[in-house]
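Visitor: sequence-free structure coming up:
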């Protein structure tokens, strides 16, 4: 029998998991910095933090299902991971475009994360196609 799991997908999931830890800590630090340096409206601080923490909560099952689906060569967990990736992309776009203050570091961190999500999604679709056929 041939092995259908994707090594590039597995590596990218691992790298994305490590990068997300850095992303979360850097974004949290920047939100704290912006709340101290700028006149951050109190009504917008809580939603920005809520989006960041919701994104962190989504990231754990997204990565777990991605690893599980790839290693067990099952399309259902990979499909669920792909669905959670769509949610993470939307939250990332919020932090990129619609948070109260967007610094150049926010743009850089979110652009790298969005690129990783895009590449990962393409590899997931390719892996699902390989598993189904």
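Guide: Cool, got the structure. What you are looking at is a predicted structure, and each value in this text was computed from that prediction instead of being measured.
Visitor: which residue packs closest to the residue most central in space within the chain, ignoring adjacent ones?
Guide: Nearest residue to the geometric centre of the chain (Cα atoms, centre = their mean): residue 88, 5.0 Å. Counting by Cβ to Cβ, 6 or more residues apart in numbering, residue 58 is the residue found nearest to residue 88 once chain neighbours are left out, at 5.3 Å. For the C-beta atoms, the positions are set from N, CA and C on the backbone; glycine is no exception.
Visitor: hang on, the earlier thing: do you know how far the residue nearest to the centre of the chain is from residue 20?
Guide: 9 Å (Cβ to Cβ, to the nearest Å).
Visitor: how about residue 13, what does it touch?
Guide: Remark: with contacts taken as Cβ atoms under 8 Å, 6 or more residues apart in numbering, residue 13 is in contact with 63, 66-67, 70, 120.
Visitor: same check on residue 85?
Guide: 62, 117, 120-121, 124.
Visitor: how about a cut-off of 7 Å?
Guide: 62, 117, 120-121 (Cβ atoms under 7 Å, 6 or more residues apart in numbering).
Visitor: what strand or helix carries the residue nearest to the centre of the chain?
Guide: Taking DSSP states H and E as the definition, residue 88 sits inside helix 75-93.
Visitor: could you measure from the nearest residue to residue 96 once chain neighbours are set aside over to residue 127?
Guide: Of all residues beyond its chain neighbours, the one nearest residue 96 is residue 110 (4.0 Å), with distances taken as Cβ to Cβ, 6+ apart. From residue 110 over to residue 127 the distance is 25 Å, taken as Cβ to Cβ.
Visitor: more neighbours: those two, which one.
Guide: The residue with more neighbours, out of residue 110 and residue 127, is residue 127; 23 against 20, by other Cβ atoms under 10 Å.
Visitor: list the contacts of the more buried one.
Guide: With Cβ under 7 Å, 6+ apart, residue 127 has these contacts: 6, 9, 70, 78.
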